[in-house]
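S.K.: Sequence and predicted model, in that order:
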Amino acid sequence: MKKFRQINRQRRNRAFRVSNTVKRFSNRPRLCVFRSNANIYAQIIDDGAGKTLVSAGTQDKTLRAELGNGGNCVAAEKIGEAIAKKALDAGIMRVAFDRHGFKYHGRVKALADAARKAGLDIGAAGEEKTKDESKSAPKKQKVSKGDKLAAKAAAGKSSTNKKQNK
């Protein structure tokens, strides 16, 4: 039981950290995803006003009839398409994706890809954030102790600190 509490605490902390990062660095409304074993939900939230603008989930009456199981990638794709369609109808073109502590794979990735394909701008998939190479300093290469001693010997310096008496 102790291990499950630790895992749940880690997931809550990760969700808090991811959501706060999205809120802090983006002025777009955020597309927040929640998944359980049986269902998946998505909502677009305006953090400035503190209101949910658009929502969709596998428990919606219109989608529940056509989805047999709400806990698979097919259902996640349908929810992604539905949330994108509702957002575009509401005039929302760009959102920040908040995975809410879940790994970006499986159902979460399927939802994001389907929303992206349906016309919602949530950023490029697999976009790598690289630093400008001109600003970054070159990395130092590690030199072994043997190489240092060999360099000293080649330069004519002795590797011992003993003074020679004449």
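M.R.: Arrived safely, thanks for sending. Numbers count the residues shown, from 1 in each chain.
S.K.: is it true that residue 12 touches residue 19?
M.R.: No: with contact defined as CB atoms under 8 Å, residue 12 does not reach residue 19; the gap is 10.7 Å. For the C-beta atoms, the positions are set from N, CA and C on the backbone; glycine is no exception.
S.K.: Now for these two: what residues contact both?
M.R.: When CB atoms under 8 Å, 6 or more residues apart in numbering defines a contact, the residues bordering residue 12 and residue 19 alike are residue 101.
S.K.: Would you mind telling me which of those two has the busier surroundings?
M.R.: Per other CB atoms under 10 Å, whichever of residue 12 and residue 19 has more neighbours is residue 19, with 18 against 11.
S.K.: Which residue is the nearest non-sequential neighbour of that one?
M.R.: By the measure of CB to CB, 6 or more residues apart in numbering, the closest residue to residue 19 outside its immediate chain neighbours is residue 98, 5.5 Å from it.
S.K.: For that neighbour, list the residues it contacts.
M.R.: For residue 98, the contact set (CB under 8 Å, 6+ apart) comprises 18, 19, 22, 30, 31, 32, 33.
S.K.: And residue 83, by the same measure?
M.R.: 31, 42, 43, 44, 54, 55, 56, 111, 115, 120.
S.K.: May I have the residues that are in contact with the third one?
M.R.: Residue 43 sits next to 31, 32, 52, 53, 54, 55, 56, 83 when contact means CB under 8 Å, 6+ apart.
S.K.: Buried members of those residues into PyMOL, please.
M.R.: Burial among the contacts of residue 43 is assessed by 16 or more other CB atoms under 10 Å; the matching PyMOL selection reads:
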select buried, resi 31+32+53+54+55+56+83
